[in-house]
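Engineer: could you look at this predicted model? Sequence included:
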Amino acid sequence: MLLKSVRKSLYFPILVLILIFLFPLFTSAKRDQLNVLLITIDTLRADYLGCYGNRVIETPFIDKLAREGVLFKRAFAHNVVTLPSHINILTGTYPLYHGVRDNSGFRLDEKVVVLSEILKGKNYRTAAFIGAFPLDDRFGLNQGFELYDDFYGDTSHVNEFAEVERSAEKVIFRAQDWIEKNKEELWFCWIHLYDPHYPYNPPQRFKDKYPQDYYAGEVAYTDSSVGHLIKFMKKSDIDKKTLIILTSDHGESLGAHLEKTHGIFAYNETLHIPLIFYQEQLFSRPKIIHHLARHIDIVPTVLDVLSINTPKHVQGVSLVPLIKNPQKWKEQDSYFESMTPTLTRNWAPLDGIISGNYKYIDLPLEELYNLELDFQEEKNLASTESLIVKKLNVKLERVKKSSSNPEMEKKKRVTEDPETMRKLRSLGYVSGSAQKPSKK
Ligand SMILES: [Zn+2]
């Protein structure tokens with residue numbers, strides 16, 4: 001009777017709205033009993049995905065994950081090469097802290113805590129399935145993984161790249177097998193898919209679909225492989241008790257700013273990355289977040305979701321409060337660097353900071369971009385906005401000082417053996433012959 005009268009009244013639509021508003025984003029899923037699946041897609045540019053606005057390339061499976069989860073529109077990496085970037089993702093710390101600044105010459109120190117070690121300590125089974133050599137266990141990211149599957153012996157790619165990479169479906173096949181065997185336990189699984197990385201050589205059906213753009217073909221192929229994995233998870237209801245995080249380590253320039261691939265500059269073609277969190281029961285409605293999010297925020301977010309305390313040294317922050325209430329969020333700054341040119345070619349060190357709408361790149365010729373108006377970074381404002389440049393330079397120096405770790409800074413670089421150098425070179429790294437692109 002009462003309900004009837006309320007329903008008839010003018011207040012009913014308002015009541016419904018209030019109930020919808022109050023319905024918590026974090027509903028009934030048992031947070032301390034969730035598995036964690038981290039998918040990192042190497043060299044995946046955010047704007048090559050439908051969910052980031054691409055209207056040409058078909059990526060239906062990642063788009064669906066984004067639609068049903070939480071998509072961070074403005075997410076950034078801190079490095080533009082594979083090894084340091086993955087260490088940022090898996091430790092929640094800047095390269096200034098963990099000390100790994102490039103793909104060669106560095107090893108992750110055992111003292112640095114990896115997400116796998118934290119979760120293993122909480123009785124999670126842990127495994128990593130690696131797509132290519134830059135994340136080989138010799139570089140030290142295998143800490144805390146009971147299984148670190150970096151066997152590239154069988155590759156569908158061209159022969160000269162055998163032993164250095166393997167296709168997404170092969171990585172996923174092995175990961176699914178492990179998940180199936182461990183499905184009765186709590187687990188953390190990291191899957192690294194390498195296909196969009198140069199050379200672009202997708203399976204024939206994707207070459208046929210994107211004859212002008214084999215990179216797009218690699219992205220679409222990788223999406224289809226992710227689709228197989230999601231279908232497998234849904235079929236056995238594993239997705240219901242799993243938190244899925246999908247990101248990339250960096251993008252690909254594809255000729256923008258006169259850079260062919262990645263690893264030299266830190267423009268948004270390589271620094272802007274996709275970031276999606278999916279958990280059917282926790283994140284109960286689609287959500288797009290426009291505030292800045294960072295790779296170093298992934299570890300504290302995962303730990304927050306699982307109700308595990310974040311270790312004090314972690315430099316990122318949990319994105320859970322941002323997902324719950326974007327209006328109350330305190331915007332974070334994001335540090336970035338590209339040290340490969342310094343370490344291999346003696347160029348000036350490149351680092352910078354994204355703060356609010358601005359991105360400041362600290363080089364002998366400074367650069368400043370308003371990302372709100374100029375996300376493609378075509379108009380350098382450094383000469384006309386000297387006050388902002390000054391302010392951001394101070395902020396950058398402050399972040400560098402507060403984030404650095406003297407113990408790791410003191411560590412000597414490793415001299416790589418000829419085999420390691422050959423393998424990295426075959427993937428386009430440590431090349432001494434590349435031309436110096438002109439800088440703005
Ligand atoms: Zn990479």
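Structural biologist: Alright, I've got the coordinates.
Engineer: how long is stretch 179-192 from one end to the other?
Structural biologist: Distance between the two ends of stretch 179-192: 15 Å, counting by Cα to Cα, to the nearest Å.
Engineer: how far does it sit from the chain's center?
Structural biologist: 20 Å (Cα atoms, centre = their mean, to the nearest Å).
Engineer: and it, what's buried?
Structural biologist: Neighbour-count burial for stretch 179-192, counted by 16 or more other Cβ atoms under 10 Å, picks out 179, 182, 186, 187, 188, 189, 190, 191, 192. Just so you know, the C-beta spots here come from the backbone N, C-alpha and C atoms, and that holds for glycine as well.
Engineer: mind checking pLDDT for the fourth one?
Structural biologist: pLDDT, the model's per-residue confidence, is 98 for residue 187.
Engineer: what's the answer for the first one, then?
Structural biologist: Confidence per residue is given as pLDDT, and for residue 179 that number is 98.
Engineer: residue 352 - how many residues pack around it?
Structural biologist: By other Cβ atoms under 10 Å, 24 other residues sit near residue 352.
Engineer: in which helix or strand would I find it?
Structural biologist: Taking DSSP states H and E as the criterion, residue 352 maps to strand 350-355.
Engineer: other SSEs contacting that strand?
Structural biologist: strand 334-338, strand 358-362, helix 386-403 (3 or more Cβ pairs under 8 Å, 6 or more residues apart in numbering; DSSP states H and E).
Engineer: partner strands of that strand, with direction?
Structural biologist: With DSSP bridges as the test, strand 350-355 is paired with strand 334-338 (antiparallel), strand 358-362 (antiparallel).
Engineer: pick out the residue of the chain closest to the ion.
Structural biologist: The ion sits closest to residue 82 of the chain, with a gap of 3.1 Å, by Cβ to the ion.
Engineer: apart from its chain neighbours, what residue comes closest to that residue?
Structural biologist: Among residues not flanking residue 82 along the chain, residue 134 sits closest, at 4.1 Å (Cβ to Cβ, 6 or more residues apart in numbering).
Engineer: my guess is the one you found contacts residue 103, does it?
Structural biologist: Yes - contact criterion Cβ atoms under 8 Å: residue 134 and residue 103 qualify, at 5.0 Å.
Engineer: would you mind listing what in the stretch 1-150 of the chain touches the ion?
Structural biologist: Proximity of the stretch 1-150 of the chain to the ion (Cβ under 5 Å from the ion) is limited to residues 42, 82.
Engineer: ok, residue 249 - contacts?
Structural biologist: 40, 42, 43, 77, 79, 81, 82, 85, 86, 89, 273 (Cβ atoms under 8 Å, 6 or more residues apart in numbering).
Engineer: same thing but at 10 Å, please
Structural biologist: Shown in contact with residue 249 (Cβ atoms under 10 Å, 6 or more residues apart in numbering): 40-44, 77, 79-89, 134-135, 192, 194, 197, 262, 270, 273, 295.
Engineer: gap between it and residue 270?
Structural biologist: 10 Å (Cβ to Cβ, to the nearest Å).
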